[in-house]
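# Fold the following and give me the result.
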Amino acid sequence: MTDITCLKEQLIDAMTKLDDEQAQAFAEELISLRIPSAELQSCLDRGLKQVNTLFEEGEYFLADLMFAGMLYRSILDLIPVSENSSVQPHKCVLIGVVERDIHGIGKDIVSGLLKANNFNVVDLGTNVSPSSFVNAIRTHHPQIVLMSGMMHYSQDSMKRTVEAITEAGLRDSVTILIGGGCVNDSILEYIGADARVNEPLDTIALCNQLISRGIYEE
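Residues are numbered from 1 along each chain as shown. Model (predicted):
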């Protein structure tokens, strides 16, 4: 393997092992060798996917998954501004945990990864009321609204939020995605959302797909 190829594999391995010092050191060396930022992010994506697999297998816990998201973001912050300044003004996502639910770890991971992928993220936090979602849509004009919930009763909170968005005349202006432990495919119609998202990286991929369709115009 070439030095760059070796460094990439070492970065992926360090990400997988959640070794922040090694991961940052390998990333800094790759940046000094002037590899494209897209190639660096690809390595981080691979490492994060392996972390996610270990989480699914029970080897890692939620705290580990959250730490991986923070490490991902911190490494991308190492990229010089000229290489990492492609935030698009119309690449906006509104995200929040719905009313009566305070489980925000998954939301925080997705929010961090969206920012790492140059999205303008409006993070409303947890226990967000339907009216707060509506007001934020009016203020920030997002293309995508991402609602999260862990508890079974969060399904009803999601439904009420979609109804509030519809009553406000804003439903056609946004794509609504739902995620979290309370979500399954069978409740999409009940809630009135457009799609269900599962894993963090799948969520980012879908958001990128939606934006890349070019259907959001001023």
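
# packing partners for the longest helix anywhere in the chain?
Longest helix of the chain, by residue count under DSSP state H: helix 37-56. Contacts defined by 3 or more CB pairs under 8 Å, 6 or more residues apart in numbering; DSSP states H and E place helix 37-56 against helix 3-16, helix 20-32, helix 62-76, helix 105-116, helix 200-212. (Glycine included, C-beta is placed from N, CA and C.)

# Can you say which of these is packed in most?
Highest mean neighbour count of the helices and strands packed on helix 37-56: helix 105-116, a mean of 22 (counted as mean count of other CB atoms under 10 Å).

# and the angle for that one with helix 62-76?
On the basis of axes from the mean of the first three to the mean of the last three CA atoms, to 10 degrees, helix 105-116 is oriented at 10 degrees to helix 62-76.

# got TSV for the helices and strands packed on helix 37-56, with mean pLDDT and distance to A164 too?
What follows is the helices and strands packed on helix 37-56, written out as TSV (pLDDT from 0 to 100; distance: least, CB to CB, whole Å):
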stretch	mean pLDDT	distance to A164
helix 3-16	94	40
helix 20-32	94	41
helix 62-76	83	30
helix 105-116	82	19
helix 200-212	87	22
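
# Give the burial count for the nearest residue to F61 once chain neighbours are set aside, as a bare number.
Nearest residue to F61 in three dimensions, chain neighbours excluded: F55, at 7.3 Å (CB to CB, 6 or more residues apart in numbering). Neighbours of F55 under the rule other CB atoms under 10 Å: 16.

# for the longest helix of the chain, which positions count as buried?
For helix 37-56, the neighbour count (16 or more other CB atoms under 10 Å) marks 37, 40-41, 43-52, 54-55 as buried.

# Contacts only, for the most centrally placed residue in the chain.
The chain has V110 as the residue nearest its centroid, 2.7 Å off, counting by CA atoms, centre = their mean. By CB atoms under 8 Å, 6 or more residues apart in numbering, V110 lies in contact with I95, L146, S148, G179, P200, T203, I204.

# Kindly report the same for L44.
Going by CB under 8 Å, 6+ apart, L44 touches L11, M15, Y72, I75, L76, A116.

# Confirm for me that the third one is in contact with K115.
No - shown here, Y72 and K115 do not form a contact pair, counting by CB atoms under 8 Å, at 10.0 Å.

# L65 is in contact with the residue nearest to F61, correct?
Yes - using CB under 8 Å, F55 is in contact with L65, at 5.1 Å.

# what's A164 sitting at in phi/psi?
phi -60, psi -40 (degrees, to the nearest 10).

# from memory it sits against N135, does it?
No - under the criterion of CB under 8 Å, A164 makes no contact with N135, lying 10.0 Å away.

# More neighbours: the two, which one.
Neighbours were counted for A164 and for N135 using other CB under 10 Å; A164 has more, 18 against 13.

# Setting aside sequence neighbours, what's the nearest residue to that one?
P130 (3.6 Å).

# got it, and L188?
Among residues not flanking L188 along the chain, R196 sits closest, at 5.9 Å (CB to CB, 6+ apart).

# For the one you found, give the beta-bridge partners.
Beta bridges link R196 to I178 when assigned by DSSP bridges.

# follow-up on the earlier one: can I get the contacts of V110 in TSV with distance to I31?
Listed next are these as TSV, based on distance: CB to CB, whole Å:
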residue	distance to I31
I95	29
L146	30
S148	33
G179	32
P200	24
T203	27
I204	22
